[in-house]
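Trainee: Quick check, what structure comes out for this input:
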Amino acid sequence: MPTAVNETDAVTSEHSEPAVPASRPPTLQDVADRAGFSRALVSIVIRGVPGASETTRQRVLEVADQLGYRPDGRARLLAAGRSKLIGVTLGLDNPFHSDVAAGIYQAAEASGYQVVLSAVTASRTAQQAVETLLDYRCEAAVLVGPLVPVASLLALTERLPVVVVGQSARSRAADVVRVPAAVGLGLAVDHLVSLGHRRITHVDGGRAPGAVERRTGFTSAMRRHGLAGTATIVRGGGDEEAGAAAARELVDGGLPTAVITYNDACAVGLLDMFVRLGVTVPGDVSVVGYDDSKVARLSYLRLTTVSQDGRRLAAVAVERLIERLDRQPDGRRATSELKREVLVPPRLVVRATTAAVRQPG
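Mentor: Just a heads-up that it's a prediction; the model follows:
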C-alpha cells in the first residue's frame, strides 16, 4: 500500500523561485523548493505512485521539466542492491566491435538494462578496461576483443557472469558466443575456388584474437580442395597498416589470383595499397575480407566478406547474461558450472571485390 501523504504538505502561500546552482544538476529538493511542495510529495509524483492530486502532479512535472530534472534511477537501483548495468570491453580500432556494441545496446535496453563501455587502446590494457566495469558495479560483462589474462578472467567470473564474444575463452567459467572461424574461412575458399582461383593467399592476423583458428581454417579448406601446394600465408594483422604492408609484400613476391584477409580493416589497407601500386581488384586479384563490418558495406568498396552477424552475437550474449542474472540475482555463479558455447553460423556476403579468375592459376 502506498504511504498516504497529506496534501497540506504543499506550501499554500505564494512561493519564490529559488535558483538552482549552475555547477550541479537539479535535485529532487530543487524541484520541491521551486514547486512549493514538500520533498515527500514531489517524490510521490516523480515515482508515479498514488497520493497526489492531479493539480499537484501537473505542477510538479511542469517544474521538473523547467529545471531539467531527471530522476536518478541508478541510485534507486543501487539502494536495492542492483545496478542493471552490463559492462562491455571492446577495441576502439576494430569496426566490427562497434557493430557488436550497437547490438548490445539494443538488446540490453529492450530488457531494461543499460550499458557501460570500457575501451581497450594502445595505452589501456584489457585488465584496466575490466577494472573500470567493476568500479561502476556492473552486474555482468561482455568481453569483445582482447581478453584479460587467464587468472584475471577466472577472478572476474567469480564475481559476475561473463560472456566472451567472437573467440574462444581461456577459462571454462566464461560463456562464449562466437562464429566458428574455420567454417567462415572455408566459405571464402569455396567461393574463390568456384570462380576458378587456385593460387590463394591468406593475410593472417598475426597475434590478433582468433588469428590461429582462421589460419587453420584456411589451410584446411585449401587442403580439402587439393590446393595445399598453392596455399600461401602472409603475416598481417587487424588494421589497415598491416593490410598495406601485406599488399606491398605480395606485389614484390608475385601476386596470387586471390587474397583472404584476417578482417575487413586489413582488407581496406590491402585494397588501398593495391590501387597505389596499380593492381586492379577484382581484375588482377580478388579480395575477401572477414567480419562484414560497416566499412565493407560502403558503396565505393563493396567488399566481399565473411559475415559474423555482430547483432546476432550481441543479442545471444545479452540473453545469456540476463538468464544468469535472473537465476542468480546477486550476479554470482557456481564455480562447478561449466561454460556454455554458442556457435552462430557465418555467412558469405558476395560483393564487388571477387570475380572469376582471368587465367586459371
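Trainee: Look up which residues are beta-bridged to the spatially closest residue to Asp292 that is not a sequence neighbour.
Mentor: Leaving out its chain neighbours, the residue that sits closest to Asp292 by CB to CB, 6 or more residues apart in numbering is Ser307, at 3.6 Å. Using the backbone N, CA and C atoms, a C-beta is placed for each residue, glycine as well. With DSSP bridges applied, Ser307 shows beta-bridge pairing to Asp291, Arg347.
Trainee: In terms of residue numbering, what are the domains of the protein?
Mentor: The record's domain split for the chain, according to automatic domain parsing, is 7-71, 81-179+310-330, 181-307.
Trainee: Next, format those domains as a markdown table and append mean neighbour count, mean pLDDT and distance to Pro346.
Mentor: A markdown table is the format used below for these (neighbours: other CB atoms under 10 Å; pLDDT from 0 to 100; distance: least, CB to CB, whole Å):
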| stretch | mean neighbour count | mean pLDDT | distance to Pro346 |
| --- | --- | --- | --- |
| domain 7-71 | 15 | 78 | 42 |
| domain 81-179+310-330 | 20 | 89 | 5 |
| domain 181-307 | 21 | 96 | 4 |
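Trainee: closest one to Val357 among these?
Mentor: domain 181-307 (4.0 Å; CB to CB).
Trainee: Would you confirm that Val45 contacts Arg57?
Mentor: Yes - Val45 is within contact range of Arg57, at 5.0 Å (criterion: CB atoms under 8 Å).
Trainee: Could you pull out the helices in the stretch 51-200 of the chain for me?
Mentor: 54-67, 73-79, 95-110, 126-135, 150-159, 181-194 (DSSP state H, counting those that start in this stretch).
Trainee: I'd like the ones you listed written out as a markdown table, with distance to Tyr300 added.
Mentor: Output for those, formatted as a markdown table (distance: least, CB to CB, whole Å):
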| stretch | distance to Tyr300 |
| --- | --- |
| helix 54-67 | 45 |
| helix 73-79 | 43 |
| helix 95-110 | 16 |
| helix 126-135 | 33 |
| helix 150-159 | 40 |
| helix 181-194 | 22 |
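Trainee: tell me which element the residue lying closest to Pro71 once chain neighbours are set aside is part of?
Mentor: The shortest distance from Pro71 to any non-neighbouring residue, by CB to CB, 6+ apart, is to Ile46 (5.6 Å). Using DSSP states H and E, Ile46 sits in helix 39-47.
Trainee: Which other helices and strands does that helix contact?
Mentor: Taking 3 or more CB pairs under 8 Å, 6 or more residues apart in numbering; DSSP states H and E as contact, the helices and strands that helix 39-47 lies on are helix 28-35, helix 54-67.
Trainee: With only the CA atoms kept, save that helix in PDB.
Mentor: Extracted in PDB, the C-alpha atoms of helix 39-47 (Å, rounded to 0.1, in the frame of the first residue of the first chain):
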ATOM      1  CA  ARG A  39      10.100  16.700  -0.900                       C
ATOM      2  CA  ALA A  40       7.900  13.600   0.100                       C
ATOM      3  CA  LEU A  41       5.000  14.800  -2.100                       C
ATOM      4  CA  VAL A  42       7.300  15.600  -5.000                       C
ATOM      5  CA  SER A  43       8.800  12.100  -4.700                       C
ATOM      6  CA  ILE A  44       5.400  10.600  -5.000                       C
ATOM      7  CA  VAL A  45       4.700  12.400  -8.200                       C
ATOM      8  CA  ILE A  46       8.100  11.700  -9.700                       C
ATOM      9  CA  ARG A  47       7.700   7.900  -8.900                       C
END
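Trainee: so Val342 bridges to which residues?
Mentor: Val177.
Trainee: Hmm, it is touching Glu319, no?
Mentor: No - the criterion here is CB under 8 Å, and Val342 misses it with Glu319 at 9.2 Å.
Trainee: circling back: tell me which of the helices of the stretch 51-200 of the chain lies nearest to Glu241.
Mentor: Closest approach to Glu241 among those (CB to CB): helix 95-110, 14.8 Å.
Trainee: hey, which helix is longest across this structure?
Mentor: If you go by DSSP state H, the chain has its longest helix at helix 310-327.
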